[in-house]
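could you work out the structure for the sequence below:
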Amino acid sequence: MKKYVPDLLKDRGHVLISRYYLVPIAVSIAILFALGGWTMVVWGVFARVVFGWHTTWFVNSLSHIYGKRPHDTGDLSTNNWFVAILTFGEGWHNNHHMSPSSARHGTEWYQFDMNWIAIRIFEKLGWAKNIRQFDAGKRPAELKQAA
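Numbering: from 1, shown residues only. As a prediction, this is how the structure comes out:
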């Protein structure tokens, strides 16, 4: 983790979220069980979590098999619109491989990237700083570093 996210490891909030991520799930289970029994727990927690896992895994499976490769990244990553819809922008995976440190994956006007929109909102609120995004002038150097 120190190699990839040293700044996040210094942030106490992120460290707490990483360490205690099961607490909100356990609280959700208790509340949903009290409100509607096991049916609420299954649909409100387990189905939601399994759906989240599958959409996350689609990024590294479907987005490496099906889609378009507008950038020669030396790998099998693709931009997959279906995965991008399910994951709020992470399916623009070839763009990510082209510029791995960029917070913005949808680089074209038609590539909807809800994660980028959220990051921009956080920036405006002062919750996010020093955000990196794709810079055409830096692309060759960044690809060399990622290799």
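
okay, CA-based contacts and neighbour counts for the rest of this
Fine.

show me which residues of the helix or strand hosting residue 36 are buried.
Using DSSP states H and E, residue 36 falls within helix 22-41. Residues of helix 22-41 classed as buried: 28, 29, 32, 33, 40, 41 (neighbour count, 16 or more other CA atoms under 10 Å).

now do that helix, average pLDDT.
The average pLDDT within helix 22-41 is 96.

which helix or strand lies directly C-terminal to that helix?
helix 47-60.

and the helix or strand that comes right after that next one, how far out from the chain middle?
Using DSSP H and E, the next helix or strand after helix 47-60 towards the C-terminus is helix 81-86. The chain centre lies 12 Å from the centre of helix 81-86; the measure is CA atoms, centre = their mean, to the nearest Å.

what residues does helix 81-86 touch?
Residues from elsewhere that reach helix 81-86 (CA atoms under 8 Å, 6 or more residues apart in numbering): 55, 58-59, 62-63, 67, 89-92, 111-113.

list buried residues within those.
Looks like the contacts of helix 81-86 have 55, 58-59, 62-63, 67, 89-92, 111-113 buried, using 16+ other CA under 10 Å.
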